[in-house]
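S.K.: When you get a sec, could you give me coordinates for this:
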Amino acid sequence: MTTVSLVYPYFHPSNDNSIFRFPPLGLGYIAAYLENHDVSVNLVDCTFLNMNQALDRIRRSRPDIIGVQTMFSMKGKATEFAQILRKDCEVLVAGGPLATSNPEQFLQDFDVIVLGEGEQTMLELVQALENGDSLEKVPGIIYKNGEQVKHTAPRGFIEDLDVLPFPARDLFENDAYKRYYKRHFGYTTTSTLTSRGCPFHCDFCSRPVFGNTFRTRSASNIADEVEEAHNFGYERIWFADDCFTLDRARLLTICNELIKRRIGMGWECLSRVDTVDTEIAQKMKLAGCIRVYFGIESGNNTILKIMEKHATIEQAQNAVNVFKKVGIQTGAFFILGYPGENQQTILDTVNFASSLPLDYLSFTFPYPIPGTPLYNRVKSQLTQEEWSEPNGFHLVKHKLLFHSDFSQNKLKLAMFKGMLQHYIHKYLGKRGYRFLGGPVEQTTEALYKAMP
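M.R.: Just a heads-up that it's a prediction; the model follows:
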């Protein structure tokens, strides 16, 4: 029997308090699919491991094939694994968003690149290698044949997502994830995907694996997995879809199914500000929704148009207020220093974001992911290929990866200003903000404008 070792090469510093630390769903789906077809699978999630521990786990499984997931900020570790493990397997495979977007850069270290969704492709690849068949018959891959680079026929998307088994949660580091969340946030949580693909075209967003075709699972199938996650001892679940609220009728059906089953599991999701209203929020509340996150991105409508968000700050304000009114927590993400911004638009974003009644607020820099319009615009100005997470304590971990009209320190000051104003609003309320917030806002604005 062929043994496949699937590797998620993401090493987190021990002090990282990210609220988005979840098991690698993509590898979980592939692992479950392979196991259902009698392939022996070892899944190595490096989230809570160091390099030596990860290498030991991989080697102990004596793999015939090693598959490494590649995402933005993972190229360095992915290729390092390949170089170290070259003699520990027969075939090295790279897959995931980054390898799909730019496969040629991985062919120096890997034998095969899996493009797009990997479940059926990995199974057919394993079967071809077992039978000694030509890899030309496996759609959706690029591989080396001596000095030649071969591209096989494209593979279409999986249309019926209900045919996929649930992610192989038994292979995840469940106890480690539970301890992490319990220690930092007081509850345990895991994640799932209820759909694939996003029909929107945000300027900074990369969708090389799932594409733009919106495909969904049935409500009963989703609720079955929520029950499974609950049986694994998790208290919450994160619906990791690009936009869980995209299809109104589907959302209401899912909520009704969760209400009917009375699973007793809280959940969180991502949403667009233009897809929700009071009825939706009320139904989500009844179905167990605890928090909704919005990718608002800017507090200036002109910049939102540059970002191709197809939403407005007025819609953002309304969406946050709707959920707060029904008792669902809200979080939001904003980008500072987007190409096309000026000093005032950044202030608009900082002040708008900090004025919203958010339970969670995050600012980031623009990260040019290969394959996105943003990347194509700034690729000649890149100063660093990818972002790597720093060890130790850093007040702001973000780093500019391209030459910008703004200094990194100026943008970090804008972030600090926004977070400080947010916390004053959040913990002192309107009355406290009148006494403390005004002077803070004026002082930080003066410092921001004075900084080159």
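
S.K.: hey, let's count contacts and neighbours off CA atoms from now on
M.R.: Fine.

S.K.: quick one: contacts of stretch 420-428?
M.R.: For stretch 420-428, contacts defined as CA atoms under 8 Å, 6 or more residues apart in numbering pick out 351, 353-355, 357-359, 361, 432-433, 436-437, 440-441.

S.K.: ok, now stretch 270-277?
M.R.: Contacts of stretch 270-277 (CA under 8 Å, 6+ apart): 239-248, 292-296, 311, 315-316, 318-320, 322.

S.K.: now it, how far from the centre of its chain.
M.R.: Put simply, stretch 270-277 sits 18 Å off its chain's centre (CA atoms, centre = their mean, to the nearest Å).

S.K.: Buried members of the contacts of stretch 420-428 into PyMOL, please.
M.R.: Provided next is the PyMOL selection string for whichever of the contacts of stretch 420-428 are buried by 16 or more other CA atoms under 10 Å:
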select buried, resi 351+353+354+355+357+358+359+361+433+437+440+441
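
S.K.: Out of the contacts of stretch 420-428, which sit inside helices?
M.R.: 351, 353, 354, 355, 432, 440, 441 (DSSP state H).

S.K.: can you pull the pLDDT of the last one?
M.R.: According to the predicted model, the pLDDT of residue 441 comes to 90.

S.K.: Kindly report the same for the third one.
M.R.: Here the pLDDT value assigned to residue 354 is 97.

S.K.: Can I get the buried part of the contacts of stretch 270-277 as one ChimeraX selection?
M.R.: Buried subset of the contacts of stretch 270-277, written as a ChimeraX selection, criterion 16+ other CA under 10 Å:
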select :239,240,241,242,243,244,245,246,292,293,294,295,296,311,315,316,318,319,320,322
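
S.K.: now, which of the contacts of stretch 270-277 lie within helices?
M.R.: Short answer: the contacts of stretch 270-277 in helices (DSSP H) are 248, 315, 316, 318, 319, 320, 322.

S.K.: What is the nearest of the residues you listed to residue 118?
M.R.: Proximity of the ones in helices among the contacts of stretch 270-277 to residue 118, judged by CA to CA, is greatest for residue 248, which lies at 28.9 Å.

S.K.: OK, contacts around that closest one?
M.R.: 275, 280.

S.K.: Adjust the sequence numbering to begin at 51 for everything that follows.
M.R.: Let's use 51 as the start, then, which means that last one is residue 298.

S.K.: From residue 408, how far out is it?
M.R.: 24 Å (CA to CA, to the nearest Å).

S.K.: Counting neighbours, what do you get for residue 147?
M.R.: 25 (other CA atoms under 10 Å).

S.K.: ok, it - contacts?
M.R.: 120, 121, 122, 166, 256, 257, 258, 259.

S.K.: so what's the backbone phi/psi at it?
M.R.: For residue 147, the backbone dihedrals are phi -60, psi -40 (criterion: degrees, to the nearest 10).

S.K.: centre of the chain versus stretch 453-466, how much separation?
M.R.: The answer for stretch 453-466 is 24 Å, by CA atoms, centre = their mean.

S.K.: what do you get for stretch 175-190?
M.R.: On CA atoms, centre = their mean, the centre of stretch 175-190 falls 31 Å from that of its chain.

S.K.: So what touches that stretch?
M.R.: Contacts for stretch 175-190 (CA under 8 Å, 6+ apart): 52, 164-166, 171, 174, 193, 200-205.

S.K.: which of the residues in it are buried?
M.R.: Here stretch 175-190 shows 175, 176, 177, 178, 179, 185, 186, 188, 189, 190 as buried, counting by 16+ other CA under 10 Å.

S.K.: before we move on, what about stretch 330-342?
M.R.: For stretch 330-342, using 16+ other CA under 10 Å, the buried residues are 330, 331, 332, 333, 334, 335, 337, 338, 339, 340, 341, 342.

S.K.: for stretch 102-118, same thing?
M.R.: 104, 105, 107, 108, 112, 113, 114, 115, 116, 117, 118.

S.K.: any chance of the residues you listed in CSV, plus secondary structure and pLDDT?
M.R.: Shown next, in CSV, are those (DSSP: H, G, I helix; E, B strand; the rest coil; pLDDT from 0 to 100):
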residue, secondary structure, pLDDT
104, helix, 97
105, helix, 98
107, helix, 97
108, helix, 98
112, coil, 97
113, coil, 98
114, coil, 98
115, strand, 98
116, strand, 98
117, strand, 98
118, strand, 98
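
S.K.: Output these as CSV; include the columns distance to residue 240.
M.R.: Output for the buried residues of stretch 102-118, formatted as CSV (distance: CA to CA, whole Å):
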residue, distance to residue 240
104, 22
105, 25
107, 23
108, 24
112, 29
113, 28
114, 30
115, 28
116, 25
117, 23
118, 22
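
S.K.: For those, work out which two are farthest apart.
M.R.: 104 and 114 (16.7 Å).

S.K.: Just the C-alpha atoms of stretch 122-134, please, in CSV.
M.R.: This file holds the C-alpha atoms of stretch 122-134, laid out as CSV (Å, rounded to 0.1, in the frame of the first residue of the first chain):
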residue,chain,number,x,y,z
PHE,A,122,1.3,32.9,0.6
SER,A,123,4.1,33.2,3.3
MET,A,124,4.9,29.4,3.0
LYS,A,125,7.2,29.2,0.0
GLY,A,126,10.4,29.3,1.9
LYS,A,127,9.4,26.5,4.3
ALA,A,128,7.8,24.4,1.6
THR,A,129,10.9,24.4,-0.5
GLU,A,130,13.1,23.8,2.6
PHE,A,131,11.1,20.6,3.3
ALA,A,132,11.5,19.5,-0.2
GLN,A,133,15.3,20.0,-0.2
ILE,A,134,15.7,18.2,3.1
